[in-house]
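Q: sequence isn't available, so here's the structure alone:
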């Protein structure tokens, strides 16, 4: 045999991380030679260990099995045979052999540890946790068991507990580079990126060749948008481990964020080639395809991920989003429901299912499910932790003070502040907290509503309700949407200055808005470039930009088209915009705050909508249940704004009797 016998100072092949002399080679660990035939002595077991440690698993396994033919209950040999099976991915066989080892000798902490690893691979996480707990009961100083238990706790999303275990592992073994690396992973999952970097740096200092530490470090740097450093760490990880599919996938995701899509897809293709069974790669690839509006390809990527990992709840959720964008709502809802079956706490799946219900006009389950928004980003971070109770329509409000508070965009506040007077009608004193730019506009919402800017000191109040929970509190159905008279009015005190600025009107005045805030997740679908709206300028109207901010990509074109009157920074706040809207005969806008402002003021407003619009505009109708004066112009194909603008032009000609 060309393999030297395992040295007592070598790492033990059982995976304990200890020296062989302190583990399976300890005094009394092997059966006395006299109990074995000469051909199958303890020396044969040591030879098998040497082969096993050298990676010659097939040869080691043959010797283990020969020993077991003579000594079928040998716990150490059964344990190591189980380790061989674990290394091959033969998890059922591994569990069977290691359980047999424990039945023969239950004082085997490392056997319990490795059985825990088998269960982790089988996704039997609670069983794995029980194994590591039992191992630690027998050996409280077992750093490897703490480390492995921490990995299971990460999978269970018990991140604080995982950090505690990794910290204990490195306390017990100060040179435990893998545990420092895993501690970095737990911090990364918690979005504590500085701590993740510090832990990975400690791991790398102990073992510069630890590829996983470089990989996790790269991911933390990527989240911090320190991309040059991130790519350097990922490249180092790949140099150490060229077949590191996860790192190729992480690189691809960062490249996609940077808009380097060709490089991103090349990295994903490399990751798939290295590990066709790595479900996260087609999942992340699908995310980028979705962002690029390549919806059918995205669907194929998610389906591929699910073919590898059928219980991949996040892939089912994102698949549902693509199906929603394709307006295949029954399939989308089935995908969300399946995701929830697999992970009842997956907030994004509950939220997306609620959005489907709302978009289909099925408001009752929609409003209930919409409450899941507080369990997902970004609202999870800004949820208000008031001591006062949440009011959802059950408790009487007579004689009480209630705080209604804004929570999302300006358009949401403009749409749902209509409920403030309904709450006041229940006998409550209403305090309405809104974003500062809306304060001058909404200050006149009603004598029974006190309006405050967000960030100011709050008066005493008895209960509270976020604005977008009010439809749930009032049990709003499709036929009971409070869409009565206009509830927002422009400020007469500002009218004179704006009338003077506009001058005498000789043609119909049409206000236009072509883009919204770039910060909105779906802005790529709802906004136009100014160039796409220019065909409307051929119609005989006085065109007025109602946009305060103009994107850099549109600025030169706007300056070149002097027929569009643009006031920009002269619009100090939404109260100024409201006065300008009041002076318009018609507003033509994409789905942004001005659409809600015009609708709330009762002005004629034509709203341009993408193929799969926001839930509040419902489906396949030209009117809005929220705004009686609104008319909806919808894309008939994904990304097709040209036909929408053509239809607007045709309807403008009819409205103002313009001949061709």
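A: Received, thanks. Treat the numbers as computed from the prediction; the structure is a model and nothing was measured. Residues are numbered from 1 along each chain as shown.

Q: ok, and the closest non-adjacent residue to residue 557?
A: Excluding the flanking residues, the one nearest residue 557 by Cβ to Cβ, 6 or more residues apart in numbering is residue 530, at 5.2 Å. Where C-beta positions appear, they are placed from N, C-alpha and C, glycine not excepted.

Q: isn't the one you found right up against residue 559?
A: No - using Cβ atoms under 8 Å, residue 530 is not in contact with residue 559, being 10.6 Å away.

Q: which one's more surrounded, the two?
A: Taking neighbours as other Cβ atoms under 10 Å, residue 530 and residue 559 compare with residue 530 leading, 21 against 11.

Q: what helix or strand is residue 624 located in?
A: Assigned by DSSP states H and E, residue 624 belongs to no helix or strand.

Q: distance of residue 87 from residue 52?
A: Noted for residue 87: a distance of 9 Å to residue 52, by Cβ to Cβ, to the nearest Å.

Q: what about residue 484, how many residues close to it?
A: 9.

Q: quick one, what contacts the residue nearest to residue 557?
A: Contact analysis of residue 530 by Cβ atoms under 8 Å, 6 or more residues apart in numbering lists 514-515, 550, 554, 557-558.

Q: make a PyMOL selection of the buried ones in the residues you listed.
A: Buried subset of those, written as a PyMOL selection, criterion 16 or more other Cβ atoms under 10 Å:
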select buried, resi 514+515+550+554+558
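
Q: determine which two of the contacts of residue 530 are furthest apart.
A: Using Cβ to Cβ, the pair of the contacts of residue 530 lying farthest apart is 515 and 557, separated by 12.1 Å.

Q: now the most centrally placed residue in the chain: how far from residue 312?
A: In the chain, the C-alpha closest to the average C-alpha coordinate belongs to residue 377, at a distance of 6.9 Å (Cα atoms, centre = their mean). From residue 377 across to residue 312, the span is 20 Å (Cβ to Cβ).

Q: what of residue 264?
A: Distance from residue 264 to residue 312, by Cβ to Cβ: 21 Å.

Q: now residue 245
A: 16 Å.

Q: what do you get for residue 463?
A: Distance from residue 463 to residue 312, counting by Cβ to Cβ: 41 Å.

Q: who has more neighbours, these two?
A: The neighbour comparison of residue 463 against residue 312 (other Cβ under 10 Å) goes to residue 312, with 22 against 17.

Q: chain center to stretch 473-486: distance?
A: Distance of stretch 473-486 from the chain centroid (Cα atoms, centre = their mean, to the nearest Å) equals 32 Å.

Q: now stretch 59-77
A: For stretch 59-77, the separation from the chain centroid amounts to 49 Å (computed by Cα atoms, centre = their mean).

Q: how about stretch 393-401?
A: 36 Å.

Q: ends of it, how far apart?
A: 14 Å (Cα to Cα, to the nearest Å).

Q: in it, what counts as buried?
A: Within stretch 393-401, the residues that qualify as buried are 397, 400-401, counting by 16+ other Cβ under 10 Å.

Q: stretch 161-177 too?
A: 161-170, 172-173, 176-177.

Q: cool, stretch 255-268 as well?
A: 255-256, 261, 264-265, 267-268.

Q: same thing with stretch 307-318?
A: Residues of stretch 307-318 classed as buried: 308-309, 312-318 (neighbour count, 16+ other Cβ under 10 Å).

Q: ditto for stretch 632-643
A: 632-635, 641.

Q: now, those that are in helices?
A: Among the buried residues of stretch 632-643, the ones falling in helices (DSSP state H) are residue 641.

Q: picking up where we left off before, distance of the residue nearest to the centre of the chain relative to residue 416?
A: Counting by Cβ to Cβ - residue 377 and residue 416 are separated by 21 Å.

Q: do residue 406 as well
A: Distance of residue 406 to residue 416, computed by Cβ to Cβ: 8 Å.
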